[in-house]
Every structure is written in structure tokens, then in C-alpha cells.
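Visitor: Pasted the sequence and its predicted model underneath.
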Number of protein chains: 2
Amino acid sequence: MEISTKFTVAVHVMTLLALNKDKELTSAYLAGSVNTNPVVIRRIMGQLKQADLILTKAGVAGAVLTRSPEDISLLAIYRAVIQQPTLFGMHQDTNLTCTVGATIQQALEGHLLAAQQAMEASLANVSLADIIASIHVLTNEKK
Amino acid sequence: MEISTKFTVAVHVMTLLALNKDKELTSAYLAGSVNTNPVVIRRIMGQLKQADLILTKAGVAGAVLTRSPEDISLLAIYRAVIQQPTLFGMHQDTNLTCTVGATIQQALEGHLLAAQQAMEASLANVSLADIIASIHVLTNEKK
DNA sequence: ATAACTTGTAACTATAATGGTTACAAGTAG
DNA sequence: CTACTTGTAACCATTATAGTTACAAGTTAT
């Protein structure tokens, strides 16, 4: 199963906040851009707030980023909304009387962690500012 | 959601096949080591066979690897059983009248692909032989 | 104080995915 | 023929995902 779209929706939301930092965007407005229900946006924003990536205020529109886009990595956003320590599921309760059954998890875990970290390092290397730059390029392309 | 345990179970199975290449292991035996139902093993083995990683014969126990463990990467096993072209789910049907809505997928896709490929490259760098070596180390450790 | 708007959260819903089980057809070997 | 094996379909319970509805609490303007 693919990693939840929550992640890309969160990037979408944060991009909008960054590009409209002089405006107070409502969750309804953000939901309109994403084409989803405002509650979905609010949930995600709750997570982003929990992770100190944005500031929000009950009853008041206009969430703001806590940092500049250059200082917000895709990894930080991923961590905020996916909240899953490990990428690979590992089967459990193997037969310990079998040599492989007794050791397979340990034999695998370091390698799986390395693969996960490679993915995470790649995400850490991309900032929200990079996404915004891409959007500017794409927007000019479309004209 | 974590990547399905099918992947680690598949590695488990192939490890057993490699370590017992002089024996005809049944799916029941493999299931015993994994501690699951033989049908689960058979399904996975169907996929491994489809991907030319093992050879099986209807009615006859004793699946064999098609290549030596050094020539079988974790990535090949992952591809055989997970069968999912993209790692990250991307929200669709965004609002095209919004600049961000119109461009976010394209702005993100290259970066997400890079993260996926980083993970895959890491898996490609680990062979079944590496897992077997780890198991030998761990087995000697346990004595 | 009130109305309109906003955020935040719970509960519900439909669907898909996961990981298991049961059943059995088809194939194999003795 | 019998016992065993693989291969596959169908079923099941649970969990996850992504949406909806409802509404309490907070804010702002009048």
C-alpha cells in the first residue's frame, strides 16, 4: 500500500500557506485547492501544528508557517503527518526452533533501516522552497 | 501504512530455500518456519516464480532459486511481491484554477521519485547472500 | 448579547488492503 | 489407487484510508 496521500496534501497546504503569507487562508479555502473536505485539511493541520511546523488559532483563520520554506524539509512534513517509525512491516512470531525463523528479523532489520533512511535522507534534502521554485517554473511554463 | 510483511516473508522463504538447496522443502515446512498458513506461502511463492526468482512444479515439493544468493537483491524480491510502481500516494483531482492545485503533483513527483529510488537503490545493494551471512553470524552468536 | 464565521474533534461511512482460513481442483510419485 | 503437493478461489475479520456529518468552543463584528 502506498504511503498515504496525507503527506502530499500536507505539502500542498504548506505550499499555499507559504505563497499566501499575507493572507489569512481558511481551511475551506485550502480544501478547495486540494479538492477535499475542510475537516480533512483541519486534521492534517492539527498534525502539522503538533509538529511545530505551523501555528493555528481556534476560531481564527490564517495559519502561518513557523519557519521559512527553506528550513522546512519534506521529511519534516512526512514525519508530522505519517507518524510511522518504520517503513517496512516485519512478520513476527516466527518459529524460533528454526535457525532462519530465529534470526531473520535481526538479519533484516539493519538493511531495512538503511533503505528507510536512504528514503528519508532524500526527503530531508528537499525543502518546501524547492517545491515552490518548481511551481514557479511550471507556472511560467504554462503561459 | 507499512510496506506489507509479504516482503520480509518472501525473504525468509528464499533464505530457507538457499540454505536447504539439497532438500525438497514443502510449503508446509516453510509455513512452519514463518509461522503462517501454507497458502500464504504458496501465494508469495507464486509471485516469486512469476518474477523468475524461483522455480516450482505443481504437485512436487522442492522449489529452487533460479540464481545464486549473491545475484538476488532485496529489491528484486520487493518488486516481485509488493508489485507497486510508486511508493508515495499522490492526491488527485486538485483544483486546476488554483496555481498550486494545478502544479503540485508535477512539482512533487520528481522529488518523490528520487526518494523512492534512494530506497530502492539501498535495497538493490543488499543480496540474499548478505542476509544469509548475517544469519550465520547471529547463529554463531547465539551459541 | 447575538450572529456569522472559524477551528478542532468525534463519530460515522464506504471502500480497500491485509493477513489469515477453508475448500478443492489439478498434478505428482510410489 | 492413495497420499501428498502445488495452485487458486472464496471467504473472513480486522485495520487503514479518505471522505462525510455534527457540533462544541473560540473569535470577531455589530
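Guide: Perfect, thanks for sending it. Just so it is clear, the structure is predicted and the values come from calculations on it, not from any experiment.
Visitor: Now do the helices in chain A.
Guide: Shown for chain A, the helices assigned by DSSP state H span residues A:6-19, A:27-34, A:38-50, A:74-82, A:99-124, A:128-141.
Visitor: Dump those to TSV, plus mean neighbour count.
Guide: No exception for glycine: its C-beta is placed from N, CA and C like everyone else's. TSV is the format used below for those (neighbours: other CB atoms under 10 Å in any protein chain shown):
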stretch	mean neighbour count
helix A:6-19	24
helix A:27-34	20
helix A:38-50	18
helix A:74-82	22
helix A:99-124	19
helix A:128-141	16
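Visitor: Next, format those helices as JSON lines and append distance to B:Ile44 and mean pLDDT.
Guide: Output for the helices of chain A, formatted as JSON lines (distance: least, CB to CB, whole Å; pLDDT from 0 to 100):
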{"stretch": "helix A:6-19", "distance to B:Ile44": "28", "mean pLDDT": "98"}
{"stretch": "helix A:27-34", "distance to B:Ile44": "37", "mean pLDDT": "97"}
{"stretch": "helix A:38-50", "distance to B:Ile44": "34", "mean pLDDT": "97"}
{"stretch": "helix A:74-82", "distance to B:Ile44": "26", "mean pLDDT": "98"}
{"stretch": "helix A:99-124", "distance to B:Ile44": "14", "mean pLDDT": "97"}
{"stretch": "helix A:128-141", "distance to B:Ile44": "38", "mean pLDDT": "94"}
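Visitor: Just send these back as a markdown table, with distance to B:Leu108 too.
Guide: Putting the helices of chain A into a markdown table (distance: least, CB to CB, whole Å) gives the following:
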| stretch | distance to B:Leu108 |
| --- | --- |
| helix A:6-19 | 6 |
| helix A:27-34 | 13 |
| helix A:38-50 | 15 |
| helix A:74-82 | 8 |
| helix A:99-124 | 11 |
| helix A:128-141 | 7 |
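Visitor: Identify whichever of those lies nearest to B:Gln50.
Guide: Distance to B:Gln50, taken as CB to CB, is lowest for helix A:99-124 among these, at 22.5 Å.
Visitor: Which neighbouring elements make contact with that closest one?
Guide: Packing partners of helix A:99-124 (3 or more CB pairs under 8 Å, 6 or more residues apart in numbering or on different chains; DSSP states H and E): helix A:74-82, helix B:6-19, helix B:27-34, helix B:99-124, helix B:128-141.
Visitor: From A:Gln106, how far out is the nearest residue to A:Thr103 once chain neighbours are set aside?
Guide: Excluding the flanking residues, the one nearest A:Thr103 by CB to CB, 6 or more residues apart in numbering or on different chains is B:Leu138, at 4.3 Å. Look at B:Leu138 and A:Gln106: by CB to CB, to the nearest Å, they are 6 Å apart.
Visitor: can you check A:Glu24 too?
Guide: A:Glu24 sits 52 Å away from A:Gln106 when distances are taken as CB to CB.
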